[in-house]
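Q: sequence and predicted structure are below.
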Amino acid sequence: MSATPLRPVLRRLRIGAVALLLAIVLLVVGVLVWANIVMQGDRARALDAWTDPAVAITSTDHSVVIAPTESASATGLVFIPGAKVDPYAYMFKLSGIVERSGVTVVITKPTLNLAFFDLRPLETFTADAPGITDWFVGGHSLGGVKACMLADSPEVHGLVLFGSYCANDLGDSGLAVLSIAGERDGLSTPAKIADARPELPEDATLVEIPGLNHAGFGDYGAQPGDRSSPLTPDETRDSITAELERIFPPLPLVE
């Protein structure tokens, strides 16, 4: 007699468990689909980088490596893309400093296109350029926030931020830091970057590029919430390269 009333309860529990499992599956599928809809890199700018005789580009399953074809330095930069931005969208803008300073740049391919889901150690990416002895980390937007979290690795000597800022305290880190803001950045605004200034060392260099917006740090088209920019991709690349030379000195000219 006492077991009979339990049947409806057990049936409801089974139905509830199936519904919960289905909801979890749908949520996971939704997140996977959302994370894999990325802001694609501009094909023309990517081709400009691929065909640049001053750099050699190699793609692996977890990174894009841009190395100088001549006069390579011992310095490298592991660069983390912004959230859901195609890693190839940064090749053109970063190839300028590779050409000018002999720096090797390793652009990561984050797990699910989101840096915060990427739990791989920094060594996963530095191993792609075994000849480098002096490593910097950097990133754009949320990729820069992740770079700040990796900056305490013992092999890291400095930090480069593109339209980004740190959420963790690096004030006593002794790192060389360059933070580049865009005057027309509608997401990581100059005001937000200034507010996060206390997280950086006192001698950190903060600069602002006139006319540059958030999406201009890469080449992937307009981004919701951003402002427009009057700069061409070439003008932006030249400006970014010039600012990066503050921390990556250009190679001496050979006469």
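A: Yep, it's here. Numbering: from 1, shown residues only.
Q: quick one: Phe125 is in a helix?
A: Yes - with DSSP: H, G, I helix; E, B strand; the rest coil as the criterion, Phe125 is assigned to a helix.
Q: just checking, Pro110 touches Thr124?
A: No - Pro110 lies out of contact with Thr124 (CB atoms under 8 Å); the separation is 11.2 Å. For every residue, glycine as well, the C-beta is placed using N, CA and C.
Q: who's more crowded, these two?
A: Pro110 (25 against 16; other CB atoms under 10 Å).
Q: next up, the contacts around the more buried one.
A: By CB atoms under 8 Å, 6 or more residues apart in numbering, the contact set of Pro110 is 80-81, 87, 117-118, 143.
Q: could you save those as CSV and add columns showing neighbour count?
A: Rendered in CSV, the data for the contacts of Pro110 read as follows (neighbours: other CB atoms under 10 Å):
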residue, neighbour count
Ile80, 30
Pro81, 33
Pro87, 22
Phe117, 13
Asp118, 20
Gly143, 30
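Q: what residues are up against Gly96?
A: Taking CB under 8 Å, 6+ apart as the definition of contact, the neighbours of Gly96 are 237-238, 240-241, 244.
Q: so which of those residues is surrounded by the most neighbours?
A: Of those, Leu244 is surrounded by the most neighbours, 25 neighbours in total, counting by other CB under 10 Å.
Q: show the contacting residues for that residue.
A: With contacts defined as CB under 8 Å, 6+ apart, the neighbours of Leu244 are 96-97, 101, 160, 178, 180.
Q: and the residues you listed, which of them are in strands?
A: Where those overlap with strands, as defined by DSSP state E, the overlap consists of 160, 178, 180.
Q: quick check: bridge partners of the second one?
A: Just to be clear, that refers to Leu178. Under the criterion DSSP bridges, Leu178 forms beta bridges with Val160, Thr205.
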